[in-house]
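*Asks:* predicted model and sequence below, questions to follow.
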Amino acid sequence: MIELLGGLLLLIAGAELMVRGAVRLAARLQVRPLIIGLTIVALGSSAPQMAVSLQATLAQNADIAVGSVIGSSIFNILVTLGLSALIIPLRVSRQLVRLDIPLMIGASLLVFVLAWNEELNRVDGMILLAALALYLGLLLRQSRNSTRPPSHDETHQVPWFSSLLMIVAGLAMLVYAGHLLLGAAVAVATDLGLSERIIGLTIVAISTSLPELATSLIAALRGQRDIAVGNVIGSNLFNLLGVLGLTALVAPSPLSVSPNALDFDLPVMLGVAMLCLPLFYTGYRVTRAEGLLFLGLYLAYGLHVVSFTTGMPLAGKLEHLMLFFVLPALVAYLLFTSLRAWRRQHHKREMP
């Protein structure tokens, strides 16, 4: 109980320091906060995921290493963005819609294709890390083209190393908080007799995603909506390309990918990533209603995983409901709103 409370307090304090330092650094470097959110904040909040996946791999727990990355990607979009949008409707940059979200979909698809043979080997790890290097190169190019004029009412006069020190301190608190929460969560899950795949997809994934959740929530509360959204998209890209890539590269043997992950978890991860594109395109924002939609989808996913694992008959009913009612209705809604948004933007371009 002490570890749980201490971890939550450190999580909030670390996220506050991280966001404050990121905003100051963006002002000092004269770049948009989105770039800082996609890089430094995303990389920092993904550090617990990296540590856990490497530890699990070296301990021969490949299902936890792979499952935690898949589960974290799903959690980041559906829960972190969903809760952040409930606080304040999130503004989505055009860069995210045109570049970063398509790249996140591409990274999800790349992991799916590489894992098709039920393993991720060193060559696969090198491919994922090479893709991450290309993405970082694109971000570096974007940062050079996104400089903004200095603002006197911001903390521009603060030395850059002071902002960086705040980010590092916040990161250290987030990592340690994630370690405390993860230890308590895994102990409870092990006592309940859950499988490694389920522990990875749920307990470990949620615990390692809490830094992203705390950071985005604090950013949303402070009105830094670019950081709130950029942190989620950037973290997913770092997790899929960096964490899985490095884990597969240093693993003593190829990472095994369970058939259940290929049949259900990876398609869900890819579908959730693809869901972002039409939703964000319709208005370049995430509304409170869409935030509730994200949370409802994660609730359905979590219920399915738990009921399927425990053998409850609810799993079959949920799957039938999702496949034949919820998903068709969602696809029809997305097609309608995307078409309406395209016609509206096309009409604006045609106006003199």
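*Replies:* Looks like it arrived, so ask away.

*Asks:* let me see the domain layout of the protein.
*Replies:* Here the domain assignment for the chain is 2-297, 320-352, based on automatic domain parsing.

*Asks:* could you check how far residue 133 is from residue 237?
*Replies:* The gap separating residue 133 from residue 237 is 12 Å, by CB to CB, to the nearest Å. Quick note: C-beta positions are derived from backbone N, CA and C, even for glycine.

*Asks:* swap in residue 9?
*Replies:* With distances taken as CB to CB, residue 9 is found 29 Å from residue 237.

*Asks:* do residue 136 as well
*Replies:* With CB to CB as the criterion, residue 136 and residue 237 are 9 Å apart.

*Asks:* quick one: contacts for residue 87?
*Replies:* 217, 220, 221 (CB atoms under 8 Å, 6 or more residues apart in numbering).

*Asks:* buried subset of the residues you listed as a ChimeraX selection?
*Replies:* The buried residues among the contacts of residue 87 can be selected in ChimeraX (16 or more other CB atoms under 10 Å) with this line:
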select :217,220
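
*Asks:* redo the contacts of residue 87 as JSON lines? Include pLDDT.
*Replies:* Putting the contacts of residue 87 into JSON lines (pLDDT from 0 to 100) gives the following:
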{"residue": "217", "pLDDT": "85"}
{"residue": "220", "pLDDT": "84"}
{"residue": "221", "pLDDT": "83"}
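
*Asks:* show me where pLDDT drops low in the stretch 51-200 of the chain?
*Replies:* 59, 143-160, 174-175, 177-197, 199-200 (pLDDT under 70).

*Asks:* all helices of it, in order?
*Replies:* 62-75, 82-87, 94-95, 101-114, 122-145, 160-191, 196-198 (DSSP state H, counting those that start in this stretch).

*Asks:* surely residue 284 touches residue 92?
*Replies:* Yes. Shown here, residue 284 and residue 92 form a contact pair, counting by CB atoms under 8 Å, at 4.7 Å.

*Asks:* out of these two, which sits in the busier spot?
*Replies:* Each of residue 284 and residue 92 has its neighbours counted (other CB atoms under 10 Å); residue 92 has more, 25 against 14.

*Asks:* for that one, give its distance to residue 41.
*Replies:* 16 Å.

*Asks:* same thing with residue 168?
*Replies:* 12 Å.

*Asks:* can you check residue 260 too?
*Replies:* Taken as CB to CB, the span from residue 260 to residue 41 is 33 Å.

*Asks:* ok, the two, which is more surrounded?
*Replies:* residue 41 (35 against 18).

*Asks:* contacting residues for the spatially closest residue to residue 129 that is not a sequence neighbour?
*Replies:* Nearest non-adjacent residue to residue 129, counting by CB to CB, 6 or more residues apart in numbering: residue 245, 3.9 Å away. Going by CB under 8 Å, 6+ apart, residue 245 touches 124, 125, 126, 127, 128, 129, 131, 132.

*Asks:* what do you get if the cut-off is 10 Å, keeping everything else the same?
*Replies:* Contact analysis of residue 245 by CB atoms under 10 Å, 6 or more residues apart in numbering lists 111, 114, 120, 122, 124-133, 238-239.

*Asks:* are any of the residues you listed buried, and which?
*Replies:* 111, 114, 120, 124, 125, 127, 128, 129, 131, 132, 238, 239.

*Asks:* wait, what's in contact with the nearest residue to the first one once chain neighbours are set aside?
*Replies:* Of all residues not flanking residue 111 in the chain, residue 240 sits nearest, at 5.4 Å (CB to CB, 6+ apart). When contacts are counted by CB under 10 Å, 6+ apart, residue 240 touches 69-70, 72-73, 104, 106-111, 128, 131-132, 269, 273.
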